[in-house]
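> okay, sequence plus prediction incoming.
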Amino acid sequence: MDFGVVLQTDPPAWRVVDLAQKAETLGFNHGWTFDSHVLWQEPYVIYSQMLSATNRMTVGPMVTNPGTRNWTVTASLFATLNDMFGNRTICGIGRGDSAMRVIGHLPNKLSTLSECMKVIKGLAEGQEVTYNGTQQQFPWSHDSRLKILMAAYGPKALHLCGSQADGFILQLADLQIAEWTIGAVRAAAAEAGRDPDSLYICVAAPAYVGTDIEHQRDQCRWFGGMVGNHVADLVERYGDESGAVPQALTDYIKGREGYDYSGHGKAGHDHTDFVPDEIVDRFCILGDEAAHIERIEALEALGVDQFAIYLMHDQKDETLNAYGQRVIPAINGSSS
């Protein structure tokens, strides 16, 4: 199994680069960051340094969106980084939550996301594409390759992901929801005439290794608030008892009252009191190394290719060390 680390591009940027470098030495082969350019620093500048400081790590956003950058610019960024460092980039993409909402925009429509993925992948891989009524191709990009993984929760987004994207990002580690969403994505791939098993499946969630469960929960409760933003959109669209979305996703947001993006993705966020302990335990991976190994093995059995840990808590280095020294070797063998 592949392992990734998801970082926030909080200043100082060199701390992000150092964590990525450390993660690679401990067996992580993917380095991700948030992409919300107002809340945090511009990630693509930092990607160049992350790639320079590592030898094998694949780097990219979890996740970007169609609305905050011109699509040709995004494609050029990936193609340029690939030319500089080899094909070591990856594009996680979704409709856009924090990056769009903090500048007064709604998340992008799925039809827009679909067209965006075609343009970014085509251009980044040196192909000719139609963009804004014009034919475009990078004359300088020849051997670049870019895998695009789409983040999704709801039925329509999962269908688009399976029918078009190279892979799927599920941003939570709940086994029931993972089984449902992975099944939906693969069914959509088969319906589109694609090989369902060719889709690359990534589960991303906070992971905190330790023994003080109450403290771990408090440090990771922010994640239920972040996921709740997406779930609230689904409830608005489908209702909370339609059966289109698992009740495990919809029930817990009934106590949600607004959301402050200034605390997005931060431990101690004061707009996440509505998130119960049960949801933190299901969506995140807490406890000692044995608990992490057990959950990741269960995810692997569902067909997950990568587990990426959101590293936004007060024990970043300790958790990285625990994964590198015990969790990753237990999953992949002592040679990892």
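All right, it came through fine.

> residue 30 against residue 88, yeah?
No: using C-beta atoms under 8 Å as the test, residue 30 is too far from residue 88 to be in contact (9.8 Å). (Each C-beta comes from the backbone N, C-alpha and C, glycine too.)

> common neighbours of the two, please.
57-59 (C-beta atoms under 8 Å, 6 or more residues apart in numbering).

> compare the residues you listed and tell me which has the most neighbours.
residue 59 (24 neighbours; other C-beta atoms under 10 Å).

> what about that one, which helix or strand?
strand 58-61 (DSSP states H and E).

> tell me the first helix or strand C-terminal of that strand.
Helices and strands here follow DSSP H and E; after strand 58-61, the next one along the chain is helix 71-85.

> any idea how far stretch 96-103 is from the chain center?
Per C-alpha atoms, centre = their mean, to the nearest Å, the displacement of stretch 96-103 from the mean C-alpha position of its chain is 16 Å.

> what's the span of it, first residue to last?
As for stretch 96-103, its first-to-last residue distance stands at 11 Å under the measure C-alpha to C-alpha, to the nearest Å.

> try stretch 195-210
Terminal residues of stretch 195-210 are spaced 40 Å apart (C-alpha to C-alpha).

> what comes up buried for that stretch?
196, 199-210 (16 or more other C-beta atoms under 10 Å).

> from those, which is closest to residue 216?
Proximity of the buried residues of stretch 195-210 to residue 216 (C-beta to C-beta) peaks at residue 208, which lies at 4.5 Å.

> how about the closest one, phi and psi?
phi -140, psi 110 (degrees, to the nearest 10).

> number of nearby residues for residue 140?
Taking other C-beta under 10 Å as the neighbour definition, residue 140 ends up with a count of 11.

> got JSON lines for the shared contacts of residue 30 and residue 88, with distance to residue 224 too?
Below are those laid out as JSON lines (distance: C-beta to C-beta, whole Å):
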{"residue": "57", "distance to residue 224": "29"}
{"residue": "58", "distance to residue 224": "28"}
{"residue": "59", "distance to residue 224": "27"}
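
> of those residues, closest to residue 267?
Relative to residue 267, the closest of those is residue 59; by C-beta to C-beta it sits at 24.0 Å.

> the closest one touches residue 90, doesn't it?
Yes: using C-beta under 8 Å as the test, residue 59 is close enough to residue 90 to be in contact (7.2 Å).

> mutual contacts of those two, please.
By C-beta under 8 Å, 6+ apart, the residues touching both residue 59 and residue 90 are residue 30.

> ok, back up a step: so between residue 30 and residue 88, which is more surrounded?
Set side by side, residue 30 and residue 88 show unequal neighbour counts under other C-beta under 10 Å, the larger going to residue 30 at 25 against 22.

> tell me how far the helix or strand where residue 160 lies lies from the chain's centre.
With the criterion set as DSSP H and E, the secondary-structure element containing residue 160 is helix 155-164. On the basis of C-alpha atoms, centre = their mean, helix 155-164 sits 16 Å off its chain's mean C-alpha point.

> shift numbering so it begins at 6
With 6 as the first residue, the last one maps to helix 160-169.

> other residues contacting the helix or strand following that helix?
Sequence order places strand 172-175 as the next helix or strand after helix 160-169, per DSSP H and E. The set of residues external to strand 172-175 that reach it, using C-beta under 8 Å, 6+ apart, is 67-68, 97, 99, 152-158, 163, 166-167, 182-183, 186-187, 190, 204-209, 310.

> which of the buried residues of stretch 200-215 sits closest to residue 171?
residue 205 (6.1 Å).

> next one: phi and psi at that closest one?
Residue 205 adopts backbone torsions of phi -90, psi 120, taken as degrees, to the nearest 10.

> quick revisit: would you mind listing which of the contacts of strand 172-175 are buried?
Neighbour counting over these (16+ other C-beta under 10 Å) leaves 67-68, 97, 99, 152-158, 163, 166-167, 182-183, 186-187, 190, 204-209 as the buried ones.

> among those residues, which are located in strands?
With strands identified by DSSP state E, the entries of these that belong to them are 97, 152-156, 205-209.

> which among the residues you listed gets closest to residue 23?
Closest approach between these and residue 23, by C-beta to C-beta: residue 209, at 20.9 Å.

> what count of nearby residues applies to the closest residue to that closest one other than its chain neighbours?
With sequence-adjacent residues excluded and distances taken as C-beta to C-beta, 6 or more residues apart in numbering, residue 209 is closest to residue 313, at 4.0 Å. By other C-beta under 10 Å, 23 other residues sit near residue 313.

> specify the local secondary structure of residue 304.
Under the three-state scheme (DSSP: H, G, I helix; E, B strand; the rest coil), the conformation of residue 304 reads as helix.

> gap between it and residue 330?
Distance check for residue 304 against residue 330: by C-beta to C-beta, to the nearest Å, it reads 20 Å.
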